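>>> with the sequence up front, the predicted model follows.
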2 protein chains.
Amino acid sequence: MSKSSYGNRGMFLENIINDSNTYYNSIDKCLIFKKPTPIKVLNVTYPTDKSHLIDKAVYSSISTLDYNGIYREKYIEFDAKECHNKTSFPLSNIKDHQLEHIKKVILQKGIVFIIIFINNEFYLLKGDTIIDFIKNNDRKSIEYEYIKNNGYKINESYTPRLKYLDAVDMAYF
Amino acid sequence: MSKSSYGNRGMFLENIINDSNTYYNSIDKCLIFKKPTPIKVLNVTYPTDKSHLIDKAVYSSISTLDYNGIYREKYIEFDAKECHNKTSFPLSNIKDHQLEHIKKVILQKGIVFIIIFINNEFYLLKGDTIIDFIKNNDRKSIEYEYIKNNGYKINESYTPRLKYLDAVDMAYF
């Protein structure tokens, strides 16, 4: 696949993961869903007795990660981040409350990681690895080489589009 | 607590469970959250460069259960239903796609149940119990006595307001 084929996609990573989950869930390999985007509703009107319309609302922030569920009897939770910088992944992509949440999932012995799309490649980076990196480095970003050496490469396929559970198997089982 | 103290509360059960989760999560006993209510956004405007306003949206249905997370290293998922009928719990409270989802969680060996508030009492009814009941009965509701005999009573306290993890311990560990 050519490098230019992944330019400026926005929802690209989210879509490819949602498609992969739809496939994985359909064959009962796991049960993993994206959580709904939290929205703070400020006003609702009722045009008719049986209908409603939210006419004032704003997006609010989520304190957990975007995807969770069960795989091989284990609790699993992760987030997906597209990185448009080719040389490093800025840690500002992971919010402080998300980092706290990652620590809490580790404490509960759940599987927790980030899928990073960088340089037209997909990597699974374990929560532990991220926490360790931050503890031992003053850098505000994780170099691509570090991700390559410490992450688990995720392969693409036709179904699922992203074989990320293979990387989970390598990383955790 | 007097029977009349629980009249017509609407969000009562949701609030008491959210409070209990806040407490349980704070002492690292588990990590369980209510999923955000799914909302289908139909239009967003941008009053200023840095602000947004959703001015057209509707609630959409969720195919999973409302709460999920990890407890004692196990995946856990449940829903909460207030029942205003004192003699039985109408099965119409559990939507078909929720029932399918319950079966899928059982297949993945996760913990899955419904918390039912009936007759001013709280019960945990295991997913298996509900599936079995439906398989073996033509009734469109589960009698209170059946819930009392086959469910696990959940006690109230000051913190957490609902000691539902004690019932989970009894039912699953």
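Received the coordinates, thanks.
>>> A:Ser63 and A:Ile102 touch, don't they?
No: using Cβ atoms under 8 Å, A:Ser63 is not in contact with A:Ile102, being 11.3 Å away. Every C-beta, even on glycine, is put in place using the N, C-alpha and C of the backbone.
>>> more crowded one of these two?
Taking other Cβ atoms under 10 Å in any protein chain shown, A:Ser63 and A:Ile102 do not tie; A:Ile102 has more neighbours (25 against 13).
>>> ok, that one - contacts?
By Cβ atoms under 8 Å, 6 or more residues apart in numbering or on different chains, the residues touching A:Ile102 are A:65, A:94, A:112, A:127, A:130-131.
>>> that one belongs to a strand?
No: read with DSSP: H, G, I helix; E, B strand; the rest coil, A:Ile102 is helix and lies in no strand.
>>> please list the residues of chain A that sit near chain B.
Applying Cβ under 8 Å from any Cβ of the partner chain, we find that chain A lies next to chain B at A:25, A:28, A:30-31, A:33, A:35-39, A:41, A:52-59, A:62, A:64, A:68-71, A:73-75, A:104-105, A:107-110.
>>> from those, which land in helices?
Under the assignment DSSP state H, those contribute A:25, A:104-105, A:107 to helices.
>>> just give me the closest of the residues you listed to A:Arg161.
Closest to A:Arg161 out of these is A:Asn25 (13.8 Å), distances taken as Cβ to Cβ.
>>> just the pLDDT for that closest one.
At A:Asn25, the model reports a pLDDT of 97.
>>> list the contacts for it?
A:31-33, B:104.
>>> neighbours around A:Lys40, how many?
The number of residues near A:Lys40, taken as other Cβ under 10 Å, comes to 13.
>>> ignoring the adjacent residues along the chain, who's closest to A:Asn93?
Spatially, and ignoring its direct neighbours in sequence, A:Asn93 is nearest to A:Lys81 (4.9 Å; Cβ to Cβ, 6 or more residues apart in numbering or on different chains).
>>> might you report the residue contacts of the one you found?
A:13, A:89, A:93-94, A:114-117.
>>> at 10 Å what do you get?
By Cβ atoms under 10 Å, 6 or more residues apart in numbering or on different chains, the contact set of A:Lys81 is A:13, A:66, A:89-90, A:93-94, A:114-118, A:125.
>>> sort out for me which of those are in helices.
Among the contacts of A:Lys81, the members found in helices (DSSP H) are A:Leu13.
>>> which one of the contacts of A:Lys81 is nearest chain B?
A:Asp66 (10.9 Å; Cβ to the nearest Cβ).
>>> any chance of the backbone angles for the spatially closest residue to that closest one that is not a sequence neighbour?
Distance criterion Cβ to Cβ, 6+ apart; nearest residue to A:Asp66, sequence neighbours excluded, is A:Asp79 at 5.0 Å. Torsion angles at A:Asp79 (phi, psi; degrees, to the nearest 10) stand at phi -130, psi 160.
>>> can you give me the neighbour number for A:Asp79?
A:Asp79: 23 surrounding residues under other Cβ under 10 Å.
>>> wait, it touches A:Tyr67, no?
Yes: judged on Cβ atoms under 10 Å, A:Asp79 makes contact with A:Tyr67 at a distance of 7.0 Å.
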